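K.L.:
next one to model:
(4 chains)
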Protein chains: 2
Amino acid sequence: MAFQPAESEATGAQRDDQPGVRAVIRSLDLLVELSKWERPARLSELARGVDLHPTTALRLLESLRSRGFVSQTVDRSYVLGSRTFEIGSAFLRNVSIWSQANQLAEQLAESTGETSSVGVLDEGQILYIAIARGQQDMGIASAPGTRHPLYCTSLGKAIMAELPAADVNGLLAQDPPRRLTPNTILDLSSMQRELNEVRSVGYAVDNEERTPGVVCIGAVIRDHRGVQVGALSISGPAVRMRENGIAELGRLVVKSAQAFSA
Amino acid sequence: MAFQPAESEATGAQRDDQPGVRAVIRSLDLLVELSKWERPARLSELARGVDLHPTTALRLLESLRSRGFVSQTVDRSYVLGSRTFEIGSAFLRNVSIWSQANQLAEQLAESTGETSSVGVLDEGQILYIAIARGQQDMGIASAPGTRHPLYCTSLGKAIMAELPAADVNGLLAQDPPRRLTPNTILDLSSMQRELNEVRSVGYAVDNEERTPGVVCIGAVIRDHRGVQVGALSISGPAVRMRENGIAELGRLVVKSAQAFSA
DNA sequence: AATAGCATTGCGTATAATGGAACGTACACG
DNA sequence: CGTGTACGTTCCATTATACGCAATGCTATT
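P.N.:
You can find the predicted model right below:
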């Protein structure tokens, strides 16, 4: 059995013209893979997940472990290490609205009884940085640190309404809309019309466009200079939100958002 | 043995035979280094910080950037990328008490008016996972994601009081006490006496042992089975804390901590 | 007892990460 | 206005180094 040319994955050329150092990228992929697991993951599971030889995965994970980015349970399964939290928290400190984001969400959650979220525009998506559960929690709120597309969230639409049409097109092209519910807005002209509506009323509505039965209302928040720095929303069951009056709630959200600027 | 006992230290040839893949470890060091910067860091600054050739640092940072762990400002300075927050948040989800930690801290902050913190034992230190500022904020509260030693925090002492003496010794040896204030507890026997006191009253007091003028009161929190899962504390200026009565406040902290178990 | 799957170690090889040198640029200073 | 410095970046030769195979010991499963 002489050495054969590399297996090449049956499909032939794998695009390894990616920028950077292979070992580093692989280790980061392992970290991302691990972050998706709800339970501790075994070496072989992770290795399979990112398509690496167990030996390679082992050494990369050892490297991650030596710096606290992963740690091992007694049965040698892997979990995220606390260093990830430490550094993730450092990221938050760079986000201008971080220190007030939680307070803001909590106030709105209290005054409306619905779950309230604060998010920022990040790499063409909404990144949630604060969530406050309302009295009547549905348990379907996104957690901080998760992302959602712009086109199907009230936060995303509120932010896009602030931007020039060209930028909006660019953002949507970057993350092309997919039909998530019957109400999802898919085409560009519909979105532009929707954004006109947002601009005229001052808040954005996600009318069951991402999750059936869930309605969200969002508005942008600005710093003291009036520069947009993120967005604020409430989320609740469609029926209850409509009972309480979308316009009514919208005014509440806008009021909270405006109070923030001070 | 015929050979000299002096092993490997004579020439110091082994500088960093650390386990793992060098490029990965270097990139993680870069990430940690970057997380320490309050402002965007330049390539050369980071390279110097971790003692790397700029060329090498550049490629490692490119790798980190390709996966969203760092990003660049318009002037090409580096900042942490949002992926770090995403993964750091995933870590929190594995912490059993995370979902209730914020609520818990807020309730205690509201009922006492002082800043309240929740932390867990992690790698021989206290890792703060939730902070709620009280009415009368001093602005010196640690942020979530930061660490502090066990021996000089009320959280640490409350947790150590739960552990066998041998474990305590091990933990303290792992992170040997340093004099941070005149009150810092340095020697083991004093600490054991202190922990006895903690056990008898049910809460721990940091009596200006970490920061002059700051007093903290902490107690462990348990899950429904009675297993220790973290600790809860309040922090405030020494004078005010003493005015309000340490014992009084201690009872409040313990009450909140116990209410948590339900 | 036998098998299967797993984590881990050692090792030779070829890859791939490394750092020197050089280039372009921006800015500071004389 | 020219000179000098510090920086980011590209290119390239070199060899250090990360890789994957094969073999080992382990645990769980049949």
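
K.L.:
tell me the residue of the stretch 1-150 of chain A that sits nearest chain B?
P.N.:
As assessed by Cβ to the nearest Cβ, chain B sits closest to residue A:88 within the stretch 1-150 of chain A, at 1.8 Å. C-beta: built from backbone N, CA, C; applies to glycine.

K.L.:
ok, that residue - contacts?
P.N.:
A:145, B:84, B:85, B:86, B:87, B:88, B:89, B:91, B:145 (Cβ atoms under 8 Å, 6 or more residues apart in numbering or on different chains).

K.L.:
which of the residues you listed sit farthest apart?
P.N.:
B:86 and B:145 (14.0 Å; Cβ to Cβ).

K.L.:
run the chain-centre distance for stretch A:109-127.
P.N.:
10 Å (Cα atoms, centre = their mean, to the nearest Å).

K.L.:
just the buried residues of that stretch, please?
P.N.:
A:109, A:112-122, A:125-127 (16 or more other Cβ atoms under 10 Å in any protein chain shown).

K.L.:
can you give me the end-to-end distance of it?
P.N.:
Between the opening and closing residues of stretch A:109-127 there is a gap of 19 Å (Cα to Cα, to the nearest Å).

K.L.:
do the same with stretch A:118-136
P.N.:
18 Å.

K.L.:
of all the buried residues of stretch A:109-127, which two lie farthest apart?
P.N.:
A:113 and A:122 (28.6 Å).

K.L.:
show me where the stretch 101-250 of chain A has helices.
P.N.:
Counting by DSSP state H, counting those that start in this stretch, one finds helices in the stretch 101-250 of chain A at the ranges A:154-160, A:165-174, A:188-201, A:238-244, A:246-260.

K.L.:
out of these, deepest packed?
P.N.:
Here the criterion is mean neighbour count by mean count of other Cβ atoms under 10 Å in any protein chain shown, and of the helices of the stretch 101-250 of chain A the winner is helix A:154-160, at a mean of 29.

K.L.:
chain center to it, what's the gap?
P.N.:
13 Å.

K.L.:
quick one: it near chain B?
P.N.:
No - judged by Cβ under 8 Å from any Cβ of the partner chain, helix A:154-160 and chain B are separated, with a smallest distance of 14.9 Å.

K.L.:
so what does that helix touch, helix or strand wise?
P.N.:
strand A:115-122, strand A:125-132, strand A:147-149, helix A:188-201, strand A:204-207, strand A:214-222, strand A:228-237 (3 or more Cβ pairs under 8 Å, 6 or more residues apart in numbering or on different chains; DSSP states H and E).

K.L.:
please repeat the previous calculation with a cut-off of 6 Å.
P.N.:
Under the contact definition 3 or more Cβ pairs under 6 Å, 6 or more residues apart in numbering or on different chains; DSSP states H and E, helix A:154-160 sits against strand A:204-207, strand A:214-222, strand A:228-237.

K.L.:
pipe these into TSV and attach mean pLDDT and mean neighbour count per row.
P.N.:
As requested, these are exported to TSV (pLDDT from 0 to 100; neighbours: other Cβ atoms under 10 Å in any protein chain shown):
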stretch	mean pLDDT	mean neighbour count
strand A:204-207	98	25
strand A:214-222	97	26
strand A:228-237	96	25
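
K.L.:
now for residue A:225, how many residues are close by?
P.N.:
Neighbourhood size, residue A:225 [other Cβ atoms under 10 Å in any protein chain shown]: 7.

K.L.:
er, residue A:92 I mean
P.N.:
When neighbours are defined as other Cβ under 10 Å, residue A:92 has 24 of them.

K.L.:
A strand includes it, no?
P.N.:
No - Residue A:92 is assigned helix when assessed by DSSP: H, G, I helix; E, B strand; the rest coil, not a strand.

K.L.:
so which bits of the stretch 51-200 of chain A are right by chain B?
P.N.:
A:59-60, A:62-63, A:66-67, A:79-80, A:82, A:84-91, A:94, A:122, A:127, A:144-145 (Cβ under 6 Å from any Cβ of the partner chain).

K.L.:
residue A:251 and residue A:203, how far apart?
P.N.:
Using Cβ to Cβ, to the nearest Å, we find residue A:251 at a distance of 8 Å from residue A:203.

K.L.:
got it, and residue A:255?
P.N.:
Taking Cβ to Cβ, one finds residue A:255 at 10 Å from residue A:203.

K.L.:
if I look at the residue nearest to residue A:233 when sequence neighbours are not counted, how far off is residue B:164?
P.N.:
Using Cβ to Cβ, 6 or more residues apart in numbering or on different chains and skipping residues adjacent in sequence, the residue nearest residue A:233 is residue A:218, 3.5 Å away. The spacing between residue A:218 and residue B:164, counted by Cβ to Cβ, is 52 Å.

K.L.:
count of neighbours near residue A:79?
P.N.:
19.

K.L.:
how about it, what does it touch?
P.N.:
Going by Cβ atoms under 6 Å, 6 or more residues apart in numbering or on different chains, residue A:79 touches A:40, A:71, B:94.

K.L.:
ok, the residues you listed vs DNA strand D, which is closest?
P.N.:
residue A:40 (14.8 Å; Cβ to the nearest atom of the strand).

K.L.:
pLDDT score assigned to the closest residue to that closest one other than its chain neighbours?
P.N.:
Leaving aside its sequence neighbours, residue A:40 sits nearest to residue A:77 (Cβ to Cβ, 6+ apart; 3.4 Å). Note for residue A:77: predicted pLDDT of 97.

K.L.:
in the stretch 101-250 of chain A, what residue comes closest to DNA strand D?
P.N.:
Taking Cβ to the nearest atom of the strand, the stretch 101-250 of chain A has residue A:123 as its residue nearest DNA strand D, at 18.9 Å.

K.L.:
that residue and residue A:149: what is the separation?
P.N.:
11 Å.

K.L.:
now swap in residue A:221 and tell me
P.N.:
In terms of Cβ to Cβ, residue A:221 sits 20 Å off from residue A:149.

K.L.:
tell me the secondary structure for the residue of the stretch 51-200 of chain A found nearest DNA strand D?
P.N.:
Of all residues in the stretch 51-200 of chain A, the one sitting closest to DNA strand D is residue A:56 (3.2 Å; Cβ to the nearest atom of the strand). Here residue A:56 takes the helix state, with states given by three-state DSSP.

K.L.:
report the separation between the two terminal residues of stretch A:179-195.
P.N.:
First residue to last in stretch A:179-195 (Cα to Cα) measures 18 Å.

K.L.:
show me which residues of the stretch 1-150 of chain A sit near DNA strand C.
P.N.:
A:3, A:16, A:21-23, A:42-45, A:47, A:54-55, A:58, A:76 (Cβ under 7 Å from any atom of the strand).

K.L.:
among these, which ones are buried?
P.N.:
Buried among these by 16+ other Cβ under 10 Å: A:21, A:23, A:43, A:45, A:47, A:58.

K.L.:
settle this for me: the fifth one is touching residue A:56, isn't it.
P.N.:
No - taking Cβ atoms under 6 Å as the contact criterion, residue A:47 and residue A:56 are not neighbours in contact, 7.6 Å apart.
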